[in-house]
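what would the 3D arrangement of this be:
(2 chains)
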Amino acid sequence: MSIRELIELSAAEALRRITAGEISAAELFDAYAAVPDELNAYLWRAEPGAADGNGAGAGAEGPLAGLPLAVKDIFCTEGIATTAGSRILEGYVPPYTATSVQRVTDAGARILGKTNMDEFAMGSSNENSAFGPVLNPWDKARVPGGSSGGSAAAVAAGLAPWALGTDTGGSIRQPAALCGIVGLKPTYGAISRYGMIAFASSLDQCGPLTRTVTDAALLLRELQGRDDRDSTSVGIEGGVELPSREDLRGLRFGVPRELGPEAEGIEAGVREVFERTLRRIEELGGELDECELPHSRHGISAYYVIAPAEASANLARYDGVRYGMRDPDARDLTGMYERTRGRGFGAEVKRRIMLGTYALSSGYYEAYYGQAQRVRTKIAEDFRAAFERFDFLVTPTAPTVAFELGSKTDDPLAMYLNDYCTVPVSLAGIPAISIPGGLAQPDGGGPELPVGVQVISPAFTESKLLDAAYALEQAIGFDARPPGFGGGEA
Amino acid sequence: MQSELSGILEHVDRIQSLDLSEVEPTSHVVALENVMRPDEPRPSLPRERALEPAPDPYEGAFRVPSPNA
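Alright, predicted model coming up:
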């Protein structure tokens, strides 16, 4: 098979062919490793022929049978540099491997490369990477979304069949939407966070970015599980079933007014694709009705207190003492801390550390952090109430299609509002998947770009969520490839 | 940076108007009691491996500039 034919295969289809002896895992690995990265999607890449040399000692046996995998550079990988997109970790080679990565390599996956990302996963456009932005394979003048932008762009562009990402407020779902692929944020606690560089510990969750819903299930099945090294991990009881559902009969879908097509800032093209998807749900036999999540309109406010507060505590570990870079010109200890952090952290990370320390400071703690945690309770209660009437909730994943590089970098608040539909789900800790709904033009015209649809379900119901998403995916039949696929010109 | 932070705080301040005095704060979404494990010794990272990523390891320790050089 040609390189193009090999990289066109979904992970599940490649797995079937490897198992049947029609192609070899090494051949597939080398095909991906040979595609030129014109998107700055990777920060580190394995050479062709390196399939045997990585994967943390795993054989090509196991349920994933040597399938290649891209890994967001936020996961510690023993012997492979890990930067989290930050200068402050430049040159850091971890002495251990994250549990999630270990689990999939033990299952036979091979690491193709470490993907670019917004620094410490803080961003929605990948423009906050210390190593340059990732470009969108649909249009190189546009962002891929973030913070798992490298993973999303790599999967969309044929630089990897699938990838690991992390989602704190939308960092898997939003880039998946903007790149036209599938992104799943599992329930908080489904997958171990051990060895995943911490941003906001009560929100961070690992998950798959894939081209199909079946592939997301295949990867989640290996990733999930309790881990002694992360006491907040519980796994998914009963494991994960591969999806097979062909209709949505008897299932009730709620459309939250606050996050629906009439919400503030939703582009016309996004609304059109979303409404078309709602009609598909009805055609498949699903029942639709409006619902309310009254506190979700305060999601961004609560999130931008809670996430920076947790980040300001987590990032205190980067001090130039134990790992990462140290500014060589410091003359005393205080100077070393100041200069290392001053030069090592980018603007967005500094902004969030300042916001977080302010929100946690004496005299402001109750008004900001305490109040945000109460809003969080109300947001979770709203979802629980909605799930008494509905099996799933459905929203657009992001209010717009991929926007132009540089168009929002001067306005952090406008950037934060990208996560309007994803953040409430993260605060509630429940699972959600983004699948491609179709293509649409941005407001004001331009190339047709992917639109994502988000399906949300109650905690630990991933198998049902994947089943419904699969039925919808088959009905939508999205099979467009970006012009940048396989190294072509975007 | 100053005006950006003010703009963000202005948006965040919207939650101040909500009366949530009767609501319990959420710090963690999965209902978990204390997670315990047996307190048994087990192997840890060897000292040399833990020191490898350090900018200035010295005689089995992390060296830093003097506090009052």
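
am I right that residue A:357 sits in a helix?
Yes. Residue A:357 forms part of a helix when assessed by DSSP: H, G, I helix; E, B strand; the rest coil.

find the nearest non-adjacent residue to it, please.
Spatial nearest neighbour of residue A:357, chain neighbours left out: residue A:312 (4.7 Å); criterion: C-beta to C-beta, 6 or more residues apart in numbering or on different chains. The C-beta positions use only the backbone N, C-alpha and C, and glycine is treated the same way.

show the pLDDT at residue A:52.
In this prediction, residue A:52 carries a pLDDT score of 61.

and stretch B:61-69, how far from the chain's centre?
What separates the centre of stretch B:61-69 from the centre of its chain is 23 Å, taken as C-alpha atoms, centre = their mean, to the nearest Å.

which parts of that stretch are buried?
B:64-65 (16 or more other C-beta atoms under 10 Å in any protein chain shown).

which residues touch the residue nearest to residue A:357?
With contact set as C-beta atoms under 8 Å, 6 or more residues apart in numbering or on different chains, residue A:312 has these partners: A:352-357, A:360.

look up how far residue A:299 lies from residue A:459.
Residue A:459 sits 17 Å away from residue A:299 when distances are taken as C-beta to C-beta, to the nearest Å.

compare the two (neighbour count), which wins?
Using other C-beta atoms under 10 Å in any protein chain shown as the criterion, residue A:459 and residue A:299 rank with residue A:299 on top: 26 against 22.

coming back round to it: which SS class is the residue nearest to residue A:357?
Classification of residue A:312 using three-state DSSP returns helix.

distance of it from residue A:358?
According to C-beta to C-beta, residue A:312 stands 9 Å off from residue A:358.

residue B:53 now?
Taking C-beta to C-beta as the measure, residue B:53 and residue A:358 are separated by 31 Å.

what does residue A:339 give?
From residue A:339 across to residue A:358, the span is 23 Å (C-beta to C-beta).

same thing with residue A:188?
The spacing between residue A:188 and residue A:358, counted by C-beta to C-beta, is 26 Å.

residue A:425 now?
26 Å.

what about those two, which has more around it?
residue A:425 (28 against 16).

so how far is chain B from that one?
Distance of residue A:425 to chain B, computed by C-beta to the nearest C-beta, to the nearest Å: 11 Å.

surely that residue and residue A:457 touch.
No. Counting by C-beta atoms under 8 Å, residue A:425 sits too far from residue A:457 to count as a contact (9.9 Å).

give me the common contacts of those two.
residue A:432.

low-confidence ranges in chain B?
Applying pLDDT under 70 to chain B picks out residues B:69.

where is the longest helix in chain B?
If you go by DSSP state H, chain B has its longest helix at helix B:2-12.

helices along the stretch 101-250 of chain A, start to end?
A:149-156, A:173-179, A:213-223 (DSSP state H, counting those that start in this stretch).

would you turn those into CSV with mean pLDDT and distance to residue A:65?
As requested, the helices of the stretch 101-250 of chain A are exported to CSV (pLDDT from 0 to 100; distance: least, C-beta to C-beta, whole Å):
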stretch, mean pLDDT, distance to residue A:65
helix A:149-156, 98, 19
helix A:173-179, 98, 25
helix A:213-223, 98, 11
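
mind checking the SS state of residue A:96?
Going by three-state DSSP, the secondary structure assigned to residue A:96 is coil.

please name the residues that touch it.
By C-beta under 8 Å, 6+ apart, the contact set of residue A:96 is A:76, A:78, A:195, B:45.

what residues are up against the first one?
By that I understand residue A:76. By C-beta under 8 Å, 6+ apart, residue A:76 lies in contact with A:82, A:94, A:96-98, A:101, A:195-197.

between these, which is nearest residue A:379?
When those are compared for distance to residue A:379 (C-beta to C-beta), residue A:196 wins out at 23.9 Å.

pretty sure the closest one is touching residue A:74, no?
Yes. Residue A:196 is within contact range of residue A:74, at 6.1 Å (criterion: C-beta under 8 Å).

who has more neighbours out of those two?
Neighbour totals were compared for residue A:196 and residue A:74, and residue A:74 leads with 31 against 25 (other C-beta under 10 Å).

my read: that one touches residue A:119, true?
No. Residue A:74 is beyond contact range of residue A:119, at 10.1 Å (criterion: C-beta under 8 Å).
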